[in-house]
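Got a sequence here, can you build the structure:
(3 chains)
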Amino acid sequence: MTVDVDRWALEDLYAEYARLLDDGPLDEWPSLFLEDCLYLAIPRENYDAGLPLATFRCESRGMLQDRVRAVQETIMYEPRYLRHHITQIRPLERSEGSTSVTAHYSVLEVLHDELPRILSVGRYLDVVVRDHDGALRFAEKRAVYDSVMVPNTIVYPL
Amino acid sequence: MTVDVDRWALEDLYAEYARLLDDGPLDEWPSLFLEDCLYLAIPRENYDAGLPLATFRCESRGMLQDRVRAVQETIMYEPRYLRHHITQIRPLERSEGSTSVTAHYSVLEVLHDELPRILSVGRYLDVVVRDHDGALRFAEKRAVYDSVMVPNTIVYPL
Amino acid sequence: MTVDVDRWALEDLYAEYARLLDDGPLDEWPSLFLEDCLYLAIPRENYDAGLPLATFRCESRGMLQDRVRAVQETIMYEPRYLRHHITQIRPLERSEGSTSVTAHYSVLEVLHDELPRILSVGRYLDVVVRDHDGALRFAEKRAVYDSVMVPNTIVYPL
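Here you go, the predicted model:
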């Protein structure tokens, strides 16, 4: 069931993904995606029912960059720290040149003078490819979250 | 201290274990155990004191299948989503043909219209073997949980 | 960006670190550090601002042993269980003989008759070296925690 990709390179891709979201610089986060990519954050109930409605939907690296700028410049929100745990990262067989990958994630959130809490939990259903420059990048990323309720707002990508 | 097993195959075994419990199909979960196996969920205080009393105790794959049927058909409970994180998966030396493995786990739970919360945390103390068909399977699995209190009911296996 | 260290040996070092803190024996925890080492627990705000103030600061293995004795003999606190998840363990390039390593951690805490909760989340910024006896050990460990608030007291090292 598992295919021959460099597993450590894959682990490092997810570590970099988590680092850029949690510790920044957030500007570099879109560089982990192909120019022509798909990023969705979608509730599990919709995903399981085959419904396409997603909370976030970006269809190119440019749209991801717009999202980053919105977080940095436009959206009003209380300052917070996030911390990802991405586990059970697992490549599955797929067509030539790309690998589908599943993983479990949780995002813990810390607001000023509050105890840490769970912002979001779920799984990633991704497609990873080796880009022209040899780097692994996300061609597709679906963050399928288990929880519809969130403590306040989801500002950052999952 | 660490022995020569295929570590990625071991990682994948735990990823599959987590997937089948969290995303299903739950029916396939018992297939990760030997026909002749031992599955225990046991509070840490009992385990540390050498007391045998366990919350769940299954002594064959058939008993695990019964447990799955109970979850699917018999037990009344509020619908919920679970999400495992299994980390620090680590093989330790052991007698020929089998490897003892330790890991840390947490299970996050999402009930309808509630925030995610921690259902259970603890460690796995397992024995993994290569079965006749070449697949890695659990000969023994002990989920030693740190917390006696649970938010409501533990329905699914840990 | 990633260097050639034995990644599984590194994973096992962190697993051992987590095991000794969570399941003991705590006495052995300092043996994962060099004699001449640095251990800091530091709030993220201070770290990001370049401020040196740390909550814990130990500058040798002997100081870590003192800390362990304090936990075991001196400090008054309510009994508790801890459980670490250490993920995204990632070696980064560095000067000869030592490797800087980053990782994400969370510590879940269980007090008697209470639900599990999040004690601390953050990242480790470490320097790992191969010691004279061939074992990997921490030359430096910085636990940079995201949350200033804690549910009660931080007794154990992070």
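
Okay, now the unreliable bits of chain A?
A:1-4, A:152 (pLDDT under 70).

what pairs with the nearest residue to A:F56 once chain neighbours are set aside across the strands?
Take A:F56 and drop its neighbours on the chain: the residue closest to it by CB to CB, 6 or more residues apart in numbering or on different chains is A:A41, 4.2 Å away. C-beta coordinates here come from the backbone N, C-alpha and C atoms, glycine included. Under DSSP bridges, the beta-bridge partners of A:A41 are A:F56, A:A143.

what's near enough to touch A:A41?
Going by CB atoms under 8 Å, 6 or more residues apart in numbering or on different chains, A:A41 touches A:54-56, A:142-143, A:145, A:154, A:157-158.

give me that answer again for 10 Å
Residues near A:A41 by CB atoms under 10 Å, 6 or more residues apart in numbering or on different chains: A:54-58, A:120, A:122, A:141-145, A:154, A:157-158.

separation between it and chain B?
Going from A:A41 to chain B by CB to the nearest CB, to the nearest Å gives 15 Å.

Kindly provide the distance from that residue to A:Y145.
Distance of A:A41 to A:Y145, given as CB to CB, to the nearest Å: 7 Å.

picking that back up, taking the contacts of A:A41, please make a ChimeraX selection of just the buried ones.
Entered in ChimeraX, the line below selects the buried ones among the contacts of A:A41, by 16 or more other CB atoms under 10 Å in any protein chain shown:
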select /A:54,58,120,122,141,142,143,144,145,154,157,158
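
does A:P30 sit in a helix, a strand or a coil?
Secondary structure, DSSP: H, G, I helix; E, B strand; the rest coil: A:P30 is helix.

The helix ranked longest in chain A: which residues count as buried?
The longest helix of chain A (DSSP state H) is helix A:7-22. Neighbour counts over helix A:7-22 (16+ other CB under 10 Å) mark A:7, A:10-22 as buried.

which one of those is nearest A:L34?
Comparing these against A:L34 with CB to CB places A:L13 closest, at 12.6 Å.

From B:W29, how far out is the nearest residue to that closest one once chain neighbours are set aside?
Excluding the flanking residues, the one nearest A:L13 by CB to CB, 6+ apart is A:L136, at 4.8 Å. Separation of A:L136 from B:W29 (CB to CB) stands at 31 Å.

Same check on A:D146?
Here the criterion is CB to CB. By it, A:D146 lies 18 Å from B:W29.

ok, A:G62 to chain B distance?
Taken as CB to the nearest CB, the span from A:G62 to chain B is 32 Å.

ok, that residue - contacts?
Neighbouring residues of A:G62 by CB under 10 Å, 6+ apart: A:30, A:35-37.

where along chain A do the helices fall?
For chain A, the helices defined by DSSP H cover A:7-22, A:44-48, A:61-69.

what's the closest of those helices to A:S98?
Among these, helix A:7-22 comes nearest to A:S98, with 12.5 Å by CB to CB.

Could you check the angle the closest one makes with helix B:7-22?
50 degrees (axes from the mean of the first three to the mean of the last three CA atoms, to 10 degrees).

Next, the angle helix A:61-69 makes with helix A:7-22.
If you take the same axes, to 10 degrees, helix A:7-22 sits at 40 degrees to helix A:61-69.

What residue in chain A is the furthest from its centre?
A:D113 (26.8 Å; CA atoms, centre = their mean).

how deep is the residue nearest to that residue when sequence neighbours are not counted tucked in, by neighbour count?
Leaving out its chain neighbours, the residue that sits closest to A:D113 by CB to CB, 6+ apart is C:M149, at 5.9 Å. By the criterion of other CB atoms under 10 Å in any protein chain shown, C:M149 has 12 neighbours.

May I have the residues that are in contact with C:M149?
Counting by CB under 10 Å, 6+ apart, C:M149 touches A:110-116, C:120.

Pick the one among these closest to B:D48.
Proximity of the contacts of C:M149 to B:D48 (CB to CB) peaks at C:S120, which lies at 23.6 Å.

who does that closest one bridge with?
C:V107.

can I assume it is in contact with C:H104?
No - using CB atoms under 10 Å, C:S120 makes no contact with C:H104, being 11.7 Å away.

where do the contact lists of these two overlap?
Counting by CB under 10 Å, 6+ apart, the contacts common to C:S120 and C:H104 are A:108, C:146.

Excluding covalently adjacent residues, which one is nearest to A:L125?
Spatial nearest neighbour of A:L125, chain neighbours left out: A:R142 (4.4 Å); criterion: CB to CB, 6+ apart.

and the one you found, what does it touch?
Residues near A:R142 by CB under 10 Å, 6+ apart: A:38-42, A:47, A:54, A:102, A:122-127, A:158.

picking up where we left off before, wait, which of the helices of chain A is closest to C:H84?
The minimum distance between C:H84 and these falls on helix A:7-22, with 16.8 Å, by CB to CB.

Can you pull the residues of chain A lying near chain C?
Proximity of chain A to chain C (CB under 10 Å from any CB of the partner chain) is limited to residues A:7-9, A:11-12, A:14-19, A:22-24, A:80-87, A:89, A:105-106, A:108-118.

please redo it, this time with the cut-off set to 7 Å
Counting by CB under 7 Å from any CB of the partner chain, the positions of chain A adjacent to chain C are A:8, A:12, A:14-15, A:18, A:23, A:81, A:83-87, A:108, A:110, A:113-117.

How about A:A18, nearest residue that isn't a chain neighbour?
Of all residues not flanking A:A18 in the chain, A:H84 sits nearest, at 3.9 Å (CB to CB, 6+ apart).

circling back: now do the longest helix of chain A: which elements does it pack against?
Secondary-structure packing of helix A:7-22 (3 or more CB pairs under 7 Å, 6 or more residues apart in numbering or on different chains; DSSP states H and E): strand A:80-92, strand A:136-145, strand C:80-92.

what is the residue nearest to A:E140 when sequence neighbours are not counted paired to in the beta sheet?
Spatial nearest neighbour of A:E140, chain neighbours left out: A:V127 (4.0 Å); criterion: CB to CB, 6+ apart. Taking DSSP bridges as the rule, A:V127 bridges to A:S100, A:E140.

ok, A:V127 - contacts?
The neighbourhood of A:V127, defined by CB atoms under 7 Å, 6 or more residues apart in numbering or on different chains, consists of A:98, A:100, A:139-140.

Of those residues, keep whichever come out buried.
Among these, those classed as buried by 16+ other CB under 10 Å are A:100, A:139-140.

Near chain B, which residues of chain A are found?
A:2, A:7, A:44, A:85, A:87-88, A:90, A:104, A:106, A:118, A:121-123, A:146-147, A:149, A:151.

from the residues you listed, which would you call buried?
Taking 16+ other CB under 10 Å as the criterion, what is buried in those is A:2, A:7, A:44, A:85, A:87-88, A:90, A:104, A:106, A:118, A:121-123, A:146-147, A:151.

one step back: could you work out the most separated pair of the contacts of A:V127?
Largest pairwise distance in these, by CB to CB, is 9.8 Å, between A:S100 and A:A139.

what comes up buried for stretch A:26-35?
Of all the residues in stretch A:26-35, those buried under the rule 16+ other CB under 10 Å are A:26, A:29-30, A:32-34.

nearest to C:V68, of those?
Once CB to CB is applied, the member of the buried residues of stretch A:26-35 that ends up nearest C:V68 is A:L26, at 38.9 Å.
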